[in-house]
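Undergrad: Have a look at this fold, sequence not included:
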């Protein structure tokens, strides 16, 4: 056991050093510092300039990523219907691009864009341009049928392969080359942000500018959420895991992670890791509102009391377990619909959350918590 712990600590230290080296390189990159104040705006403005600068490369982009349609419009518009980039090309459906670097998609964001674009009665398709693939399973079918993922790696590959057709000045060519290098560095950083499975889950605490490190930690949380989504679905191999949703973020400078399973009664069951607590929770939306906590607790006990039992997940949690509230008939609450029981915890690994997600998903299947 001692040797295993030593090996894990050595891997963790090597991983931390690799991250620190990669961060130092991107932090010293001039192009990154130029974009850091405006983030997605910087990228979207530059992409719009490229497609306006060269009608030929826009046509090539539509040929590679677009859908043939009977259209005549020819334009590149920033912030049309609040969408980062909306482009049209004769003979193709319009392409909408939503650009994400640090932040995740907001709840309802793509739904709003989809409605607005459909109302325009012009054929279109959409891309989320990001370093990590969004979880399209959490969107409505109306959204997931229209939007796809375009990775920054593929977009940069497209720019590189078509660079000669842009007709750039020497200065503009140097600028593009530096932009491509910067995005590749960002992509490299992203690939290092998921911790080793047995590492303690924590935010990076390194000697960098607070804003810079904050942005990187946002990326880290998205990378962890993305990893858990992929691994749990790959290992779970059941419809329950296809419908689950992982949330990730930072609250009060602490890690926030959750895994949620939808139920047929429109409620949700899940786990949540936040501010030193691991919670088994329910969102009882059919009893939504203030002053209805006891109704929600009674409903949960009557319909899925087994969900709030820590006994069969204790093997994945550090001991000793102190379950709160101690009385199993009492639950904590956050209005308007959140009820939970929790254990205090400070040391939790990525593998623990992976195994608990699989275990709780199977519990939902076995207990037939529909």
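TA: Received, thanks. Just so it is clear, the structure is predicted and the values come from calculations on it, not from any experiment. Numbers count the residues shown, from 1 in each chain.
Undergrad: Downstream of the helix or strand bottoming out on mean pLDDT in the chain, the next helix or strand is which one?
TA: Taking mean pLDDT, DSSP states H and E as the measure, the helix or strand of the chain with the lowest value is helix 2-27, at a mean of 65. The helix or strand immediately downstream of helix 2-27 is helix 30-35, counting by DSSP states H and E.
Undergrad: Report the distance from that next one to the chain centre.
TA: Once both centres are worked out by CA atoms, centre = their mean, to the nearest Å, helix 30-35 turns out to sit 23 Å from its chain's centre.
Undergrad: buried residues in that helix?
TA: The neighbour-count criterion (16 or more other CB atoms under 10 Å) identifies 31-32, 35 as the buried residues of helix 30-35. Where C-beta positions appear, they are placed from N, C-alpha and C, glycine not excepted.
Undergrad: Now do the longest strand seen in the chain: which elements does it pack against?
TA: Scanning the chain for the strand with the most residues, using DSSP state E, yields strand 254-262. Packing contacts for strand 254-262, counted by 3 or more CB pairs under 8 Å, 6 or more residues apart in numbering; DSSP states H and E, involve helix 210-236, helix 239-243, strand 245-251, strand 268-274, helix 350-366.
Undergrad: what stretches of this protein score poorly on pLDDT?
TA: Within the chain, the ranges that satisfy pLDDT under 70 run 1-15, 37-38, 102-103, 365-370.
Undergrad: domain ranges for it?
TA: 40-187, 210-366 (automatic domain parsing).
Undergrad: can you redo these as a markdown table with distance to residue 199 and mean neighbour count?
TA: Converted to a markdown table, these look like this (distance: least, CB to CB, whole Å; neighbours: other CB atoms under 10 Å):
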| stretch | distance to residue 199 | mean neighbour count |
| --- | --- | --- |
| domain 40-187 | 19 | 16 |
| domain 210-366 | 6 | 17 |
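Undergrad: Looking at the helices and strands packed on strand 254-262, which is nearest to residue 329?
TA: When the helices and strands packed on strand 254-262 are compared by CB to CB, strand 268-274 sits nearest residue 329, at 18.0 Å.
Undergrad: mind listing what the closest one pairs with, with the direction of each?
TA: In the sheet, strand 268-274 lines up against strand 254-262 (antiparallel), strand 277-283 (antiparallel) (DSSP bridges).
Undergrad: got a markdown table for those, with distance to residue 299 too?
TA: Shown next, in a markdown table, are the strands paired with strand 268-274 (distance: least, CB to CB, whole Å):
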| stretch | distance to residue 299 |
| --- | --- |
| strand 254-262 | 16 |
| strand 277-283 | 9 |
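Undergrad: Tell me the bridge partners for residue 340.
TA: If you apply DSSP bridges, the partners that residue 340 bridges to are residue 281, residue 332.
Undergrad: re earlier: can you put the helices and strands packed on strand 254-262 in a markdown table and add distance to residue 20?
TA: Shown next, in a markdown table, are these (distance: least, CB to CB, whole Å):
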| stretch | distance to residue 20 |
| --- | --- |
| helix 210-236 | 11 |
| helix 239-243 | 34 |
| strand 245-251 | 19 |
| strand 268-274 | 25 |
| helix 350-366 | 19 |
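Undergrad: So which of the ones you listed is nearest residue 183?
TA: Closest to residue 183 of those is helix 210-236 (CB to CB; 13.2 Å).
Undergrad: packing partners for the closest one?
TA: Where contact means 3+ CB pairs under 8 Å, 6+ apart, helix 210-236 is packed against helix 2-27, helix 170-192, helix 239-243, strand 245-251, strand 254-262, helix 350-366.
Undergrad: which stretch among these comes nearest residue 91?
TA: Checking the helices and strands packed on helix 210-236 against residue 91 by CB to CB gives helix 170-192 as the closest, at 26.8 Å.
Undergrad: Now do that closest one and helix 210-236, the angle between them.
TA: 60 degrees (axes from the mean of the first three to the mean of the last three CA atoms, to 10 degrees).
Undergrad: Who are the packing partners of helix 170-192?
TA: With contacts taken as 3+ CB pairs under 8 Å, 6+ apart, helix 170-192 sits against helix 2-27, helix 30-35, helix 40-53, helix 152-161, helix 210-236.
Undergrad: now with 7 Å?
TA: If you count contacts as 3 or more CB pairs under 7 Å, 6 or more residues apart in numbering; DSSP states H and E, helix 170-192 packs onto helix 2-27, helix 30-35, helix 152-161.
Undergrad: picking up where we left off before, what's next to the longest strand of the chain, contact-wise?
TA: Outside strand 254-262, the residues that touch it by CB atoms under 7 Å, 6 or more residues apart in numbering are 201-203, 221, 224-225, 240, 243-250, 268-275, 353, 357, 361, 364.
Undergrad: what does stretch 25-38 give?
TA: With contacts defined as CB under 7 Å, 6+ apart, stretch 25-38 is touched by 42-43, 178-179, 182, 185-186, 189, 208, 212.
Undergrad: Kindly report the same for stretch 153-171.
TA: Residues outside stretch 153-171 that contact it (CB under 7 Å, 6+ apart): 53-54, 56-57, 60-61, 64, 129, 176, 180, 183-184, 187.
Undergrad: Which members of those residues are the farthest-apart pair?
TA: Spatial extent of the contacts of stretch 153-171 (CB to CB) is set by the pair 56 and 187 at 26.3 Å.
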